[in-house]
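[1] Sequence and predicted structure below; questions after.
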Amino acid sequence: DVKVTQSSRYLVKRTGEKVFLECVQDMDHENMFWYRQDPGLGLRLIYFSYDVKMKEKGDIPEGYSVSREKKERFSLILESASTNQTSMYLCASRSHLDQPQHFGDGTRLSIL
Amino acid sequence: AQKVTQAQTEISVVEKEDVTLDCVYETRDTTYYLFWYKQPPSGELVFLIRRNSFDEQNEISGRYSWNFQKSTSSFNFTITASQVVDSAVYFCALSEAGRGNLIFGKGTKLSVKP
């Protein structure tokens, strides 16, 4: 079974802090994704990566950056956290274009 | 533009009832993939099924069945004899051509009461 692990289930940070959300997958998947989920808005894609050191912007990249130095790890960075970034963050990985994405348990992030 | 619509925001049924969750999609692509995911209260998204655009065969897996109809651009999900453990938010998703990113519907929250 595919295992996607997100470093924290719950996280509380202060505005202005630099926040790191980590995601690790154990299936040697090429593709990795970061989404945020908000009530009424569904899941929205922040960034994705097709391979190591490659990244592409999704639908809502503003205020975020990502890092993929190793194939198994994809990090989401909030450069200067703001209260409107309080949300549920979901990481996913996938082997190929036509395969399903497998998700981690999610990180519920609160910015105070 | 690619779009997925789940018109039912919330559905409430009593245990053992059958329930159908609707999904309508829009795409200009001839090759695409459709997915259903389940999100229980614990929060993780669980993959249920994948369908490609060339395979219109309906699928049954235990109490779950899926009806894919290209003519109406629909990919509906039916749970037979629902159980309390089926309570969750269910998402339909379309795989975008080229990059293969998922476009999600807004989800349908299913509550199954004992």
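    In hand now; what should we look at?
[2] quick one: contacts for the nearest residue to B:Gly43 once chain neighbours are set aside?
    Nearest residue to B:Gly43 in three dimensions, chain neighbours excluded: A:Gly106, at 4.5 Å (Cβ to Cβ, 6 or more residues apart in numbering or on different chains). Any C-beta I mention is one placed from the backbone N, CA and C, and that applies to glycine too. Residues near A:Gly106 by Cβ atoms under 8 Å, 6 or more residues apart in numbering or on different chains: A:6, A:9, A:37, A:88-90, B:43-45.
[3] same question, A:Asp26
    A:2-3, A:5, A:72.
[4] For those, which ChimeraX command selects only the ones that are buried?
    A single ChimeraX command selects the buried members of the contacts of A:Asp26 (16 or more other Cβ atoms under 10 Å in any protein chain shown):
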select /A:2,72
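[5] now the contacts of A:Asp26 in JSON lines, with distance to A:His96?
    As requested, those are exported to JSON lines (distance: Cβ to Cβ, whole Å):
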{"residue": "A:Val2", "distance to A:His96": "13"}
{"residue": "A:Lys3", "distance to A:His96": "18"}
{"residue": "A:Thr5", "distance to A:His96": "21"}
{"residue": "A:Glu72", "distance to A:His96": "17"}
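[6] which of the contacts of A:Asp26 lies closest to B:Ser73?
    Here the nearest of the contacts of A:Asp26 to B:Ser73, counting by Cβ to Cβ, is A:Val2; it sits at 29.4 Å.
[7] Beta-bridge partners for the residue nearest to the spatial centre of chain A, please?
    Centroid-nearest residue in chain A, with Cα atoms, centre = their mean: A:Trp34, separated by 3.0 Å. With DSSP bridges as the criterion, A:Trp34 is bridged to A:Tyr47, A:Cys91.
[8] Roughly how far does it sit from B:Ser95?
    The gap separating A:Trp34 from B:Ser95 is 17 Å, by Cβ to Cβ, to the nearest Å.
[9] For the residue nearest to the centre of chain A, give me the pLDDT.
    Note on A:Trp34: pLDDT of 97.
[10] and the gap between it and chain B?
    12 Å (Cβ to the nearest Cβ, to the nearest Å).
[11] One more: A:Ile77?
    For A:Ile77, the distance to chain B equals 20 Å [Cβ to the nearest Cβ].
[12] That residue contacts A:Glu17, doesn't it?
    No: checked against Cβ atoms under 8 Å, the pair A:Ile77 and A:Glu17 is beyond contact range at 11.1 Å.
[13] So which residues on chain A come close to chain B?
    Residues of chain A lying close to chain B by Cβ under 8 Å from any Cβ of the partner chain are A:9, A:31, A:33, A:40-43, A:45, A:48, A:56, A:58, A:88, A:90, A:92, A:94, A:97-106, A:108.
[14] In ChimeraX, how would I select the buried members of the residues you listed?
    Selection command for ChimeraX covering only the buried members of the residues of chain A next to chain B, criterion 16+ other Cβ under 10 Å:
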select /A:31,33,42,43,45,48,58,88,90,92,94,97,99,100,101,102,103,104,105,106,108
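[15] Tell me, how many residues neighbour A:Leu11?
    When neighbours are defined as other Cβ atoms under 10 Å in any protein chain shown, A:Leu11 has 16 of them.
[16] quick check, it in a strand?
    Yes: assessed by DSSP: H, G, I helix; E, B strand; the rest coil, A:Leu11 belongs to a strand.
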